[in-house]
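**Student:** When you get a sec, could you give me coordinates for this:
(2 chains)
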Amino acid sequence: MGLKQLRNFIFWTLVLLYFVLAPVICFQALGFVFDPRTISFVKTGIISIDSEPKEASVYLNGALYAEKTPTAISRLRAGRYEVRVEAPNYQTWVQPLEVRAEEVTRAEHILLPPVAIKPSALFSIPVQTIVPSHDERFLFLISQDAKATAVYAFDMKKDRLMFLADHPRSPDNPIASVSLNISPDDRRLLVLFHGKTSDEHIVATISDRAIPISLSKLIKMPIANVRFHPRSSKEMLYLQNGVLNQLDLEEGILKEGILKGLKSFEVIEDKIYYFTDDAHLFSANLDGKEAIDLLPDRGLRRLLFGQNPRNTYRMFLTPKGNAFWLSEKGTLLTNRLPYFADEDVSGATLSTISEKLFYWKAGELWLLDLSDLEEKRQNFFERGPSKTLLWKSNQPIVSVRVMREDNHAIVVTEKKIVLVETEPRLSGNQFIIGNHSLGRKITFYFNDDLGELYWTDLQDEIPTLYHAKLFRPSLFPFSFSFRKSYQSPEEVFL
Amino acid sequence: MMIAQENEHDILKKRADSHHGAVVWRRIFEITPGFLSWFLLLAVAFFALTDPIPAAVFVICFYLFWFFRLIYMTILLVASYVVLARERNTNWIERCRDLNNVSVAIKRAQERLSKHEEEVKHAQRTREKVPITRRLHSETAYLRRLEHLAQTTEQPFDFRSIYHVVLFPNYREDIHILKSALSSLRETNYPLERLIVVVAFEEREGEAAHAKADELSREFKEIFFNLMTSFHPDGLPGERQVKGANATWAAKKVMEFLNEEKIAFEQVLVSCFDADTRVGKEYFGCLTYNFLIRPNRLHCSFQPIPVYHNNLWQAPAFARILETGSSYWQLIESANPDHLVTFSSHSMSFQALVESGFWPVDMISDDSAIFWKCFLHYKGNYRAIPMSATVSMNIIIGKNWLDTFRRIYVQKRRWAWGIENFPMVMLGFLETREIPLIEKARHTLKMLESHVSWATWGLMLTLVGWLPVLFGGREYGFSVVSYHLPRIAQMIFNLATVSMLISAILSFMIVPKRPARVSRFRNLSFAFQWLLLPLILPVLLALPALDAQTRLMLGRYLHFEVSRKV
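**Tutor:** Model (predicted):
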């Protein structure tokens, strides 16, 4: 055979191979499987399973599957299959999964917590409340004893505790609650000690050696609603008699009257969002210019202010700019049509990677998915907001923290700490992490980077900070979002 | 001997334009390649966003197609490399001499063959066996060629009657680069009194060109049969500022010289080289041999393998890998001579050059355009012959990485501008009925396929192919095909790394010896440079080609920009 003939032979062999293989691979990729019994192609589906820890055993309808996680079980005819995932010394995951033809049923975020979780107390000081910093490096501890109410910063990576500020105990003005406001660069912390008769605002620098500054030495009191300037941690915006002012903490320069007639405000990125005395919600630039009425009157203001005479709201802003307000009375509103989302809501929290708001009322955990809402916009008025009940308990939910990967949440009820799956298709599974005895006063935080859970509980009748390792560190790598979601600070009651 | 005084390209244009609707046809042919490339990319992108499942199926088919093409190209690459390596130490002058008496040459070749067979038997180590086996295979191929020649009635010329004209068209080229090129000619083993060297300057370069010409004349005048310098006037009617115009002007001067010296054009081979081209010792021997053994020798171009070794050790990794890729492409093409078209530095019969009307004076891609001009002029009876010889050139290096990057982009766009041949060839095909339809279809498909794949593959593989995965949406995310696509792609890419490994190994075998002043660690960068492929494919390969095709499609014709080489 000459070279030319050999070349042609190779060429045509490859052409033939391509025309044989390409249809076979494409059919396979589309989920078609040849059934020799019926001599026809059958549409099949896939279950894709992954777990933490990896290498867990998979059972399909009770039968052990050959491969361990991560794996995919393909060529499954449409129908319901019971999937069980097991690993020694870890809790078992069981879930009936619906397989549809040409579709992948994904169970790729299975977390198996250890069977035995060993909590350990962290410090000898009493800790009533914990609040994480934006960058989740620090945990701010609020500690109240017979002498004072103090705030500490706990560096979780370096395992180091720093004193930041305190307020001596006074029988005339006991501290009822503390509110923490962290500067955008996580360098400074504004602590509001909310007393029975008066408040004290202290600005602390997150460092061992810095001396905290009392705002009463720089400006006249009383003030309300203090926030850091979004571009500078040395400047603050605050509300005094309905007027928005700006203070330079280092130079002591005061700029008064940026906006007037305000009830309350939030600063998010380069915008000020504020409620006015006449019950309008506006947004304006940081210099107070270009104010826009965000909620033109459609009967909504009656709803907003009728139910909440104090006009106090927590505000949530998703990465795509969808806003939610949760009134003190439990009315959850969105700026998306038709505004109203739910009522009797006890609390809410946002996903950091998607347009999801998780909220809870009594013992129910709900999901409001705005991306889903956008897809179904045409039928929105008929169907209402797209809400999914994720989990239900007979005990009221105290608080929820959604894990960074969005598919799990640590839910704390009045008695239990539970890991709940929040992926709507797989919801219902729960793993008990532990019990506690603080009732509604419990506060907790889950550090995604360290895989550690921190919570307060009583130790010899003293509120103490505990922690326990649930998962391996860096299980959830940093998730990128164009804009961080925002939650306004919460007032924590002691 | 027919001497075409008017540029063939112009004749074609005029002839075509006189035809009713020729202008329209020209525009259609200019639009076609760009349209096909954009259509392919946009169609996949559109379907990825609107109906991702068919798009995903198409992407799978494309990945498979690419994979099979890659296998085929790798086989051709290895085959060509084997031939090149086999002939690396061949004494071509000796073989040219043999051709004077073929029957004696056959006997001597048989003797050498038996000797090599014995040597192979007695060789102990692989290191000893490899060169002997190569010689054995080379002798076998040579013997087969001689036996074939013995059966033909046509006797080759005596190689001593062959003259070589070597043209170096240049513009503002550094004198050292020109000297280096001429020195490489001086070091060849071909009789220097048979070399006519022409350094073709541009008149618009001014006094500097004349100074360079004087310096070169002083140093090299006595070495060759003749060292000519020419100065191409600027702004001649019908010309653009392109290399072809300069080469044509110089070739016409050579024609006058040959007429004066009464040297028949059919005994002259012309090599048009870039200014930085350095030939190997055996280049002219190999060229002469290939010329002499062809019965249809006057209707042939001869294509060496361009390698970019002159400054290889100084060039950044991304520039090296691109030029290695260019050499590989030429090796692959040379394995399939039916489709071979001249590229960059090449050689041809002077008679064919004159008869076809010299290089086009208004086209940038003169290297391939001259092939097509001859192909059309001789009604399809013209082909390019691959040579088992290399010519070494410079890799473009700029002032810094960014500058190198920009210059390489411009160079690749100029190469991709070779698509300007497509309308010329298509109009020529419409006019030339003598070329068989199947031949026309074969060349049309080859031109379109190579240029469209040049512009689209890199983008398809690295960007567009992933669009269904990235923008398929939620519904697509739950489909079985969305699950399979990344896995199939991964499997194909894993298998394709075998081809990449072969390429990397070959590059090590081709690369010249590391100069003493270059760090040993530089070898490491040669090994890892192939990891840059996913970046280089879309940015420095696909985009310049797409840019060139888009310009042609929109009628925004490219201007010649000289690649400055260090």
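**Student:** Determine the longest helix present in the chain.
**Tutor:** Reading this off chain A. If you go by DSSP state H, chain A has its longest helix at helix A:3-29.
**Student:** think we crossed wires, I meant chain B
**Tutor:** As assigned by DSSP H, the longest helix anywhere in chain B is helix B:52-86.
**Student:** Specify the angle between that helix and helix A:3-29 in degrees.
**Tutor:** Helix B:52-86 and helix A:3-29 are oriented at 160 degrees to each other (axes from the mean of the first three to the mean of the last three CA atoms, to 10 degrees).
**Student:** Would you mind listing the outside residues contacting the very next helix or strand once past helix B:52-86?
**Tutor:** Downstream of helix B:52-86, the first helix or strand assigned by DSSP states H and E is helix B:92-98. Helix B:92-98 has contacts (CB atoms under 8 Å, 6 or more residues apart in numbering or on different chains) with B:104-105, B:108-109, B:142, B:146, B:159, B:189-190, B:282, B:285-286, B:288-289, B:292, B:389. (C-beta placed from N, C-alpha, C; glycine too.)
**Student:** same question for helix B:92-98, mean pLDDT?
**Tutor:** Averaged over helix B:92-98, pLDDT sits at 91.
**Student:** List the buried residues of the helix or strand following it.
**Tutor:** Next along the chain after helix B:92-98, taking DSSP H and E as the criterion, comes helix B:102-122. Residues B:Val102, B:Ala105, B:Ile106, B:Ala109, B:Arg112, B:Leu113, B:His116, B:Glu119 are the ones in helix B:102-122 that count as buried (16 or more other CB atoms under 10 Å in any protein chain shown).
**Student:** Likewise for stretch A:118-128?
**Tutor:** Buried residues in stretch A:118-128, defined by neighbour count with 16+ other CB under 10 Å: A:Pro119, A:Leu122, A:Ile125, A:Pro126, A:Val127, A:Gln128.
**Student:** mind putting those in JSON lines, pLDDT, distance to chain B and secondary structure included?
**Tutor:** Below are the buried residues of stretch A:118-128 laid out as JSON lines (pLDDT from 0 to 100; distance: CB to the nearest CB, whole Å; DSSP: H, G, I helix; E, B strand; the rest coil):
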{"residue": "A:Pro119", "pLDDT": "90", "distance to chain B": "38", "secondary structure": "coil"}
{"residue": "A:Leu122", "pLDDT": "89", "distance to chain B": "41", "secondary structure": "coil"}
{"residue": "A:Ile125", "pLDDT": "91", "distance to chain B": "48", "secondary structure": "coil"}
{"residue": "A:Pro126", "pLDDT": "92", "distance to chain B": "48", "secondary structure": "coil"}
{"residue": "A:Val127", "pLDDT": "93", "distance to chain B": "42", "secondary structure": "coil"}
{"residue": "A:Gln128", "pLDDT": "90", "distance to chain B": "43", "secondary structure": "coil"}
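**Student:** Can you add distance to B:Ala43 and give those back as CSV?
**Tutor:** Formatted as CSV, these follow (distance: CB to CB, whole Å):
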residue, distance to B:Ala43
A:Pro119, 59
A:Leu122, 60
A:Ile125, 66
A:Pro126, 67
A:Val127, 62
A:Gln128, 63
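**Student:** Determine the set of other helices and strands touching the longest helix of chain A.
**Tutor:** helix B:52-86, helix B:480-510 (3 or more CB pairs under 8 Å, 6 or more residues apart in numbering or on different chains; DSSP states H and E).
**Student:** Tell me how many other residues crowd the residue lying closest to A:His467 once chain neighbours are set aside.
**Tutor:** Spatial nearest neighbour of A:His467, excluding adjacent residues (CB to CB, 6 or more residues apart in numbering or on different chains): A:Tyr454 at 4.7 Å. Residue neighbour count, defined by other CB atoms under 10 Å in any protein chain shown, stands at 23 for A:Tyr454.
**Student:** Next: B:Leu36.
**Tutor:** B:Leu36: 18 neighbours (other CB under 10 Å).
**Student:** Roughly how far does it sit from B:Leu445?
**Tutor:** Going from B:Leu36 to B:Leu445 by CB to CB, to the nearest Å gives 12 Å.
**Student:** and what of B:Ala455?
**Tutor:** Relative to B:Leu445, and taking CB to CB, B:Ala455 is found at 16 Å.
**Student:** Neighbour count: these two, which is higher?
**Tutor:** A count of neighbours by other CB under 10 Å puts B:Ala455 above the other of B:Ala455 and B:Leu445, at 29 against 11.
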